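Q: predicted model, plus sequence, below.
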Amino acid sequence: MKAIAEVVSDGGHMLFGTVAELFWVEVDALEGHRSALRERLDVLRNSQTPSDMLTQQLDLLPESARRLRRTRMERQHTLAKCSSEFRELAWRLRQSVSASTSTEAD
């Protein structure tokens, strides 16, 4: 029974850690969006002509796409790590339950 309690406790810690990690990924993403918006507003203010403004805005698109890809990859990595840890916890839980039931049968 103690082993099962340890697995459940580890699961709680792991889940909390994953949620916290995802929170910081999102905070970083929002900071990046805020920075990009500020940069775009600066471009709008400093543009001399509409074509100059459009050219500068289009030049910023690849950086925006890279930032979005990086954020998506960070989320996927965090969730893949969480999934792997959950599989390990499920295996440990099955081992604990089977050990517990075999002990009770004796």
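A: Received it, and whenever you're ready, just let me know what you need.

Q: quick one: classify residue 20 as helix, strand or coil.
A: Classification of residue 20 using DSSP: H, G, I helix; E, B strand; the rest coil returns helix.

Q: what sits against it?
A: With contact set as C-beta atoms under 8 Å, 6 or more residues apart in numbering, residue 20 has no partners. All C-beta atoms are positioned from the backbone trio N, CA, C, and that covers glycine.

Q: what does residue 86 give?
A: Neighbours of residue 86 in contact, by C-beta under 8 Å, 6+ apart: 11, 14.

Q: run the chain-centre distance for whatever helix or strand it lives in.
A: Element membership for residue 86 (DSSP states H and E) is helix 50-105. Centre-to-centre, helix 50-105 and its host chain are 5 Å apart (C-alpha atoms, centre = their mean, to the nearest Å).

Q: next: stretch 40-57.
A: 33 Å.

Q: now do it, average pLDDT.
A: For stretch 40-57, mean pLDDT rounds to 88.

Q: could you do stretch 88-106 as well?
A: In this model, stretch 88-106 has an average pLDDT of 80.

Q: give me the residues contacting it.
A: Stretch 88-106 is contacted by residues 1, 3-4, 6-8, 10-11, 14 when judged by C-beta under 8 Å, 6+ apart.
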